[in-house]
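Chemist: model this:
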Amino acid sequence: MTESTQGKGRPTPKRSDASRRRSGPVSPPPTNRRQAAKQLRAKQAENRQRIKEGTARGDEKAMMPRDAGPVRRLVRDTIDVRRSLGFLLLPVAALLIIGQVGGNQQLYAVAIALWLATLLAVAVDLILISVRLRSVITKAFPDEKRLRSHIAYGMLRSTVFPRFRMPPPQVKPGRKA
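Modeler: Numbering: from 1, shown residues only. Below is the predicted model:
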């Protein structure tokens, strides 16, 4: 082997050395289906916890594939920087239910009118969001093929209260992204 050949820069370790470096004992294989299912659930729970903690930190490597990538980061920042009306749907729906359960016809009529006005305002806001996202994404990533899925991701994110968005917002509302 010559100096000019490319490689990993070190010799391959012996099997005994490699096995010594492995950390911890290997868990025994399951003896029945119930134990196998229990181990699988524990492993899945651990994986979900790792993803949840990494997403809360904003770590791209630990995020779900749905949230990872530079285009999705751009979409998140574009949505998080503007204030949107989408998160008003839940409180107005709660008001509608209270008006219906309360039995007061006037309160119910006002709640229905407010609900319809909110739906119309949110629909207009979502149209504006989709136009804005389309222009931002095509400007930053002209070769992007999955434009519709990115826009849908942004529209869905805009309907969640900013405090409860996952991954958490990296930019403050009202500032430049």
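Chemist: hey, let's count contacts and neighbours off CA atoms from now on
Modeler: OK.
Chemist: wait, what's in contact with the one residue sitting closest to the centre of the chain?
Modeler: Closest to where the C-alpha atoms of the chain average out (C-alpha atoms, centre = their mean) is Asp67, at 4.3 Å. By C-alpha atoms under 8 Å, 6 or more residues apart in numbering, Asp67 lies in contact with 73, 167.
Chemist: mind checking pLDDT for it?
Modeler: Asp67 carries a pLDDT value of 83.
Chemist: For Ala94, see how far away it is.
Modeler: 29 Å (C-alpha to C-alpha, to the nearest Å).
Chemist: ditto for Gln170
Modeler: Gln170 is 29 Å from Ala94, by C-alpha to C-alpha.
Chemist: Against Lys139, how distant is Val131?
Modeler: 12 Å.
Chemist: Repeat that for Ser19.
Modeler: 51 Å.
Chemist: Domains in the protein, by residue range?
Modeler: Domain assignment for the chain, taken from automatic domain parsing, gives 34-65, 69-164.
Chemist: max-length helix in this protein?
Modeler: Longest helix in the chain by number of residues (criterion: DSSP state H): helix 105-140.
Chemist: Tell me the helix or strand right after that helix.
Modeler: Downstream of helix 105-140, the first helix or strand assigned by DSSP states H and E is helix 147-158.
Chemist: Tell me which residues of that following helix come out buried.
Modeler: Using 16 or more other C-alpha atoms under 10 Å as the burial criterion, the residues of helix 147-158 that qualify are 147, 150-155, 157-158.
Chemist: Equivalent analysis for stretch 138-149, please.
Modeler: Those buried within stretch 138-149 under the rule 16+ other C-alpha under 10 Å are Leu147.
Chemist: can I get the CA coordinates of that stretch in CSV?
Modeler: The C-alpha coordinates for stretch 138-149 follow below in CSV (Å, rounded to 0.1, in the frame of the first residue of the first chain):
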residue,chain,number,x,y,z
THR,A,138,-39.1,29.7,-5.5
LYS,A,139,-36.7,32.6,-5.0
ALA,A,140,-34.5,30.8,-2.5
PHE,A,141,-34.8,27.3,-4.0
PRO,A,142,-35.7,27.5,-7.7
ASP,A,143,-35.3,23.8,-8.4
GLU,A,144,-37.6,22.7,-5.5
LYS,A,145,-40.1,20.1,-6.8
ARG,A,146,-42.3,19.6,-3.7
LEU,A,147,-43.6,23.1,-3.5
ARG,A,148,-47.2,22.2,-2.6
SER,A,149,-46.2,20.1,0.4
